[in-house]
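J.: Sequence first, predicted model second:
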Amino acid sequence: MALYSRRLLPLQLVVALVVGVVLVAMLVAGVRPLAGHAVGRVVLLVGLVALPVLLSVGNLSYGVSQSSSTRFCLSCHEMERFGRSLFVDNKQALAAVHYQDRLVPRESTCYTCHKDYALFGDVKAKLNGLRHVWAHYVTGVPAQIKLYEPYPNSNCLHCHDDSRRFVEKDVHRAISSQLYAGSVSCLSCHRIAHDMAKVDAHQFWQAR
Amino acid sequence: MIRSIRRAAICTGLGLLVQLVAALDWTPFTFIASAVVGLPLILVGAVLFLRAVWKSLKSGGAA
């Protein structure tokens, strides 16, 4: 069931960091002879400043990319129920149908639907992520988890906008201007985003 | 100077070690640890090293 928990070790990154740690340890032992002449000091400069800073930048940028992964989002226990809602047996539940029908990439399911697609959508999503972390470790998780602001239609329309299934539905055509303006929410018809009732009832869909 | 560089190297090494542990399993906790502990340790190490070299060059000695 827990497909989202598959973990890939960033082997090149880990190897580079191990090499970096070993190199720094060697430099600690060899400071005296190296500091004595110009070439040695350049080696120290590269080994203690340039290389570690480069490794950190690489590591952090990989970390930022990993923070978009489903596994990352669901690694906090308060998100576990939302993770399970991807597997419920309900074709009306948006999260479940998007995940099960592979309408969104499984490795970044949460992020694909919960980030804005505007210019600074990624930045906003990451800052919201930091707010989650702050709540998790400092202020405490609220009893009822809800979005910071109403779910925008633009996130749905980013993918469904010109999709045949969306365009050919009469009901969509009838209210298309309201949908695009955001005056009618997609969720006013598609009401179930995460089917928590079925999560609690353990009603999950199993691929045969 | 030798002692300062050694201190800088230890800082840098610890920073890399924190980042290595974080890279083994990215979770919100390890990400924050990497960004708030690992990266600053490396930057502190770099500053300590450059300050040691600068001081040594200013005083005219190599070591």
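T.: Sure thing, it's come through.
J.: which other residues reach the helix or strand bottoming out on mean pLDDT in chain A?
T.: The helix or strand of chain A with the poorest confidence is helix A:31-35; it has a mean of 84 (mean pLDDT, DSSP states H and E). Here helix A:31-35 makes contact (Cβ atoms under 8 Å, 6 or more residues apart in numbering or on different chains) with A:27, A:40-41, A:43-44, B:1-2, B:5-6, B:9, B:62-63. Just so you know, the C-beta spots here come from the backbone N, C-alpha and C atoms, and that holds for glycine as well.
J.: and the longest helix seen in chain A, anywhere near chain B?
T.: Longest among the helix segments of chain A by residue count, using DSSP state H, is helix A:11-29. Yes: applying Cβ under 8 Å from any Cβ of the partner chain, one finds helix A:11-29 touching chain B at A:13-14, A:17-18, A:20-21, A:24-25, A:27-28.
J.: Start from the N-terminal end of the chain and give the helices.
T.: Unless you meant another one, I'm taking chain A. Secondary structure of chain A (DSSP H): helices at A:11-29, A:31-35, A:38-45, A:51-66, A:70-73, A:80-84, A:94-100, A:109-114, A:121-134, A:153-160, A:164-167, A:170-174, A:176-181, A:196-200.
J.: Hmm, no, I was thinking of chain B.
T.: Under DSSP H, chain B gives helices at B:2-24, B:28-33, B:39-59.
J.: Just name the most buried of the ones you listed.
T.: Comparing the helices of chain B by mean neighbour count (mean count of other Cβ atoms under 10 Å in any protein chain shown), helix B:2-24 ranks first with a mean of 21.
J.: average model confidence for it?
T.: The average pLDDT for helix B:2-24 rounds to 92.
J.: That helix and chain A in contact?
T.: Yes: using Cβ under 8 Å from any Cβ, helix B:2-24 reaches chain A at B:2, B:5-6, B:8-10, B:12-13, B:15-17, B:19-20, B:22-24.
J.: Check which helices and strands the longest helix of chain A sits against.
T.: Other elements packing on helix A:11-29 under the criterion 3 or more Cβ pairs under 8 Å, 6 or more residues apart in numbering or on different chains; DSSP states H and E are helix A:51-66, helix B:2-24.
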